[in-house]
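Just need the structure, nothing else, for what follows:
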Amino acid sequence: MSNSVFDDTLLGNAPEFKSVIRSAQIVAATDVTVLILGESGTGKELLAKALHRASARREGPFVAINCAALPENLVESELFGHRKGAFTGAHDHHQGRIRAAEGGTLFLDEIGELPLAIQAKLLRFLESGECQAVGEQSPHKIDVRIITATNRDLYTLVREGRFREDLYYRLNVVPLELPPLRQRRGDISLLLKILTTELATQHGLQPPRFTSKAQTRLESHRWPGNIRELRNFCERMVILHHDQQVDVNDLPMDILDPRGETPEESAPFALPEEGISLDELEREMIRQALDRTHGNRSRAARLLGLTRDTLLYRIKKYTLG
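Numbers count the residues shown, from 1 in each chain. A predicted model of the protein is given here:
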């Protein structure tokens, strides 16, 4: 059951991606708190839904809330609920999202945007399982699984005093980090075919056909918006070029020339006039990757586009371990 849920909704064969999915399949069978990491558009909510559908809670509700979209003065009420008359404008009882997820899964997206005062109350709920609505005299036990997600570096927010350290460690029980699409080059053609076919069916049109040159150009694009950007591109191609052949010249300008720069200017790194020491550059990049991942070598390897074994060899080479 669980494998088919993930295979049907999270598509791709890249090793970095499959590694995350294998971990997700394992934790889906538990009630452990999961923190999903990844850039915007990588499919964090899709992964959260797959975790729910593959869990023993699949018959219960899946309640998603975007913390960044909540007005700060209503966050507590939205999450924990309120009693009638608890504050000006509270004309009726409101159960809140946590109680709405009773017996199921609560997905808190953009958790890094949660105000500090509400972070403290969320921490108390995670530790006790008790939910107390605004204006309520006593709390109630609630059975709900918590999955959170963010595209922010929560550890940096902790150091800046914008995210509670105790809440960070309470949420970061099992982190699952979805790789950006630019690290899944081999999946782009697969996703392109699947998405154009799916969207063409939705619109009642024949899908476009991409030439090999067009596919090569698409595979070299960095896709800063990740899967969301690719899906939007596919829908545009379906609408404008249905049942046609799409060549390089038919691709939109943001893919042909994403920043209006020459190929040399758009290179991710620029060679200084005085040259560099490749060994020193590699050593520094490895050190930064280890710092950013707080010593997690598997995640550092993904950031650097290396296998874990290759990273371990280079850590030993530069005596960074």
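
Tell me who's in contact with Glu113.
For Glu113, the contact set (CB atoms under 8 Å, 6 or more residues apart in numbering) comprises 67-68. Glycine gets a C-beta too; all of them are placed from N, C-alpha and C.

name the helices or strands packed onto the one helix or strand in the chain whose mean pLDDT sits lowest?
Least confident element among the helices and strands of the chain, by mean pLDDT, DSSP states H and E: helix 2-9 (a mean of 74). Applying 3 or more CB pairs under 8 Å, 6 or more residues apart in numbering; DSSP states H and E, we find helix 2-9 packed against helix 15-28, helix 44-53.

can you state the direction angle for that helix and helix 44-53?
Calculated by axes from the mean of the first three to the mean of the last three CA atoms, to 10 degrees, helix 2-9 forms an angle of 150 degrees with helix 44-53.

Mean neighbour count, the helices and strands packed on helix 2-9: which tops it?
By mean neighbour count, with neighbours taken as mean count of other CB atoms under 10 Å, helix 44-53 ranks first of the helices and strands packed on helix 2-9 at a mean of 22.

Let me see the mean pLDDT of that one.
Here helix 44-53 scores 96 as its mean pLDDT.

relative orientation of that helix and helix 15-28 in degrees?
Using the same axes, to 10 degrees: helix 44-53 against helix 15-28 is 40 degrees.

Not counting its own residues, what contacts helix 44-53?
The contact list for helix 44-53, computed with CB under 8 Å, 6+ apart, reads 5-6, 9-10, 20, 24, 27-28, 34, 36-38, 58, 62, 64, 104-105, 107, 109, 145, 147, 149, 151, 176, 178.

Using PDB, write out every CA atom in that helix.
Extracted C-alpha coordinates of helix 44-53, given in PDB (Å, rounded to 0.1, in the frame of the first residue of the first chain):
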ATOM      1  CA  LYS A  44       6.800  19.200   0.100                       C
ATOM      2  CA  GLU A  45       3.000  19.200   0.500                       C
ATOM      3  CA  LEU A  46       2.800  16.200  -1.900                       C
ATOM      4  CA  LEU A  47       5.200  14.300   0.300                       C
ATOM      5  CA  ALA A  48       3.200  15.200   3.400                       C
ATOM      6  CA  LYS A  49       0.000  14.000   1.800                       C
ATOM      7  CA  ALA A  50       1.800  10.700   0.700                       C
ATOM      8  CA  LEU A  51       3.000  10.200   4.300                       C
ATOM      9  CA  HIS A  52      -0.600  10.600   5.500                       C
ATOM     10  CA  ARG A  53      -2.100   8.300   2.900                       C
END
